[in-house]
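J.: sequence unavailable; structure follows:
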């Protein structure tokens, strides 16, 4: 729904007074790609004054070079090229998207691209220095054979027609044809009287990336338009591939062929150009495929409905506010108001968002005022004033994680104001995350840059309202900020009233978390860590860092002194806020200030130390 509203807003908004050329570079083989065509003709981009000019180059390498030299703003190339250049040291998840014969249909290719494996591959591509924006299926090859092909031996006996010459196959010079199911092949399949067997071959994954100089200077409204246009282009490209495949499957003389599992794995390993033996080993290949099925299939099977917890009668609703150290771009609404630049000097900006009714459903973003409250002391006084006016004595500070644009934090704060039944005010802290799934390194730097600003804000709130208790919940990469802040407060022997500190799916190295919590445990009453082995974003981070994170669950659950660890066994990355069982447990922590043994969770043990479990 949010995406539909954004598209409508962009299309109905007047174009910028001064149009800007958006320089798109593409290899020769991409010019007719439906993804590129859709992007070049995007009305969403035109609505914000971005006129796409397409330049054709010879190959992938030239497209990448043009971006790195700032000769283009955005460009497309194949993920295979990025594999050879930037991902050679990566695990199998960086190449599974392009392996031959692993897939049973185009739909299965799209599903894997949408999974954590697709995000991991694109995130790794960011190490090349570019900003990856979207992956999609540039093409998908199939085999047409005269006889069923189930085993590797049967595959090796095939006599392939030269190139895509269907006529040669029909003249009995060959018994197999590699094809992209174009119109010529469709006509051949229709006219032949023979039965043919269709095997899904190899996808070629395309990558849309931006030049860093362009992306970091673009306004938020332009970035949002580009993300929307890229998603629309991907849907167009996928729909065309799916239509071709379905048309072939409907032909009466076509039967779908499926290789046996052993042949699939062995043939897929043959496609590992440029990868080391370890990375193309059968064990590693099967491990990554099993992980994908586990995370993408098993956990989405659904479970029994969770009975709703009794809802307390609240004397008042929670006032919800935000504070940010992002740059104010002056956009007309909260989706485009704040960017991701780290300014020096920076300004604290804040505003009151409202007090949503309890359990009022999908939050709606309020209108953004033309003039916001600014400055550290004024923002602290605004927060304390709204808390006291509501007759409340607590404040929950919400710290977002990686890949969250400003409006994502506002939406989450309002959602918690509605769903959490918190007996206090809710304040969202928004640091300058790029809001892109592929800007991990930039967000890591922003996280470090912003932590002292949050520390000063907490101090100012405590000074303006010394009687108020401060609770904290930090999600994902935001856990680093909370952990460091608590450590600094403990080292300074601060007397700030801190109640609960909740780490929701923390993207923090386990050894770093264990070391810092030793000091951080000296401040605050309750410290809780939520983890899950089905968390896709944490799985990506594990791949990136080559080690489990504090938010890793299952066998990798972190058990450490000073924090109560809860293995949720839930899927997604925002399960603490979205899954009923998790949010009920979270609510007990911040509302009743109860430890894990008192919340009715099953207890388990690891290395002689307890942890607790939330079953799906």
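T.: In hand now; what should we look at? This one's a predicted model, so the numbers in the text were calculated from it and none came from an experiment.
J.: phi, psi of residue 29?
T.: phi -70, psi 0 (degrees, to the nearest 10).
J.: swap in the one 5 residues further on?
T.: Note on residue 34: its backbone torsions stand at phi -60, psi -30 [degrees, to the nearest 10].
J.: that one contacts residue 232, doesn't it?
T.: No - shown here, residue 34 and residue 232 do not form a contact pair, counting by Cβ atoms under 8 Å, at 10.9 Å. C-betas here are computed from N, CA, C, even on glycine.
J.: residues near the nearest residue to residue 406 once chain neighbours are set aside, how many?
T.: In this structure, residue 406 finds its nearest non-sequential neighbour in residue 338, 4.1 Å apart by Cβ to Cβ, 6 or more residues apart in numbering. Residue crowding around residue 338 was assessed by other Cβ atoms under 10 Å; the count is 28.
J.: repeat that for residue 191.
T.: Other residues close to residue 191 by other Cβ under 10 Å number 9.
J.: mind listing what it touches?
T.: For residue 191, no contacting residues are found, by Cβ atoms under 8 Å, 6 or more residues apart in numbering.
J.: hmm, the residue nearest to residue 406 is touching residue 324, no?
T.: Yes - the pair residue 338 / residue 324 is scored as a contact, 6.0 Å apart, by Cβ under 8 Å.
J.: what do these two both touch?
T.: 349, 406, 430.
J.: which residue, other than its chain neighbours, is closest to the first one?
T.: With Cβ to Cβ, 6+ apart as the criterion, residue 349 has its nearest non-adjacent residue at 4.8 Å, and that residue is residue 372.
J.: that's a helix at residue 356, yeah?
T.: No - using DSSP: H, G, I helix; E, B strand; the rest coil, the assignment for residue 356 is coil, not a helix.
J.: backbone phi and psi for it, please?
T.: Per degrees, to the nearest 10, the backbone of residue 356 is at phi -60, psi 140.
J.: check residue 22 too.
T.: According to degrees, to the nearest 10, residue 22 has phi -100, psi 110.
J.: quick one: contacts for the residue lying closest to it once chain neighbours are set aside?
T.: The shortest distance from residue 22 to any non-neighbouring residue, by Cβ to Cβ, 6+ apart, is to residue 50 (4.3 Å). Applying Cβ under 8 Å, 6+ apart, we find residue 50 in contact with 19-20, 22, 222, 225-226.
J.: with residue 28 instead?
T.: 56-59.
J.: format the residues you listed as TSV; extra columns: distance to residue 195, neighbour count and pLDDT.
T.: Listed next are these as TSV, based on distance: Cβ to Cβ, whole Å; neighbours: other Cβ atoms under 10 Å; pLDDT from 0 to 100:
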residue	distance to residue 195	neighbour count	pLDDT
56	41	14	96
57	43	20	96
58	41	10	95
59	39	14	91
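J.: show me where the stretch 101-250 of the chain has its strands.
T.: 131-145, 176-179, 196-210 (DSSP state E, counting those that start in this stretch).
J.: just tell me which of these ends up closest to residue 536.
T.: Residue 536 sits nearest to strand 131-145 of all those, at 14.9 Å, using Cβ to Cβ.
J.: avg pLDDT for that closest one?
T.: Strand 131-145 carries an average pLDDT of 92.
J.: about what we covered before: may I ask which of the shared contacts of residue 338 and residue 324 comes out lowest in pLDDT?
T.: Minimum confidence in these sits at residue 406, scoring 95.
J.: what about it, neighbour count?
T.: There are 29 residues near residue 406, going by other Cβ under 10 Å.
J.: how about the contacts made by it?
T.: Counted by Cβ under 8 Å, 6+ apart, residue 406 has contacts 220, 324, 326, 334-335, 337-338, 430, 435.
J.: farthest pair within these?
T.: 324 and 335 (14.0 Å).
J.: more crowded one of these two?
T.: residue 324 (26 against 23).
J.: got a list of what the nearest residue to that one once chain neighbours are set aside touches?
T.: Using Cβ to Cβ, 6+ apart and skipping residues adjacent in sequence, the residue nearest residue 324 is residue 430, 4.0 Å away. Contact analysis of residue 430 by Cβ under 8 Å, 6+ apart lists 322-326, 338, 400, 404, 406, 409-410.
J.: returning to that earlier point: next step: the contacts of residue 406 restricted to strands.
T.: 324, 430 (DSSP state E).
J.: now, which of the contacts of residue 406 sits nearest residue 67?
T.: residue 435 (20.1 Å).
J.: phi first, then psi, for that closest one.
T.: Per degrees, to the nearest 10, the backbone of residue 435 is at phi 70, psi 30.
J.: isn't it right next to residue 404, touching?
T.: Yes - here residue 435 reaches residue 404: they are 6.2 Å apart, a contact under Cβ under 8 Å.
J.: helices of the stretch 501-616 of the chain, residue ranges please.
T.: 510-520, 536-545, 575-578, 580-592 (DSSP state H, counting those that start in this stretch).
J.: confidence-wise, which of the ones you listed is weakest overall?
T.: helix 536-545 (a mean of 82).
J.: now for that one, which elements pack on it?
T.: helix 116-125, helix 282-296 (3 or more Cβ pairs under 8 Å, 6 or more residues apart in numbering; DSSP states H and E).
J.: sorry, back to before: of the contacts of residue 406, closest to residue 586?
T.: Scanning the contacts of residue 406 for proximity to residue 586, where the rule is Cβ to Cβ, the winner is residue 430, at 20.3 Å.
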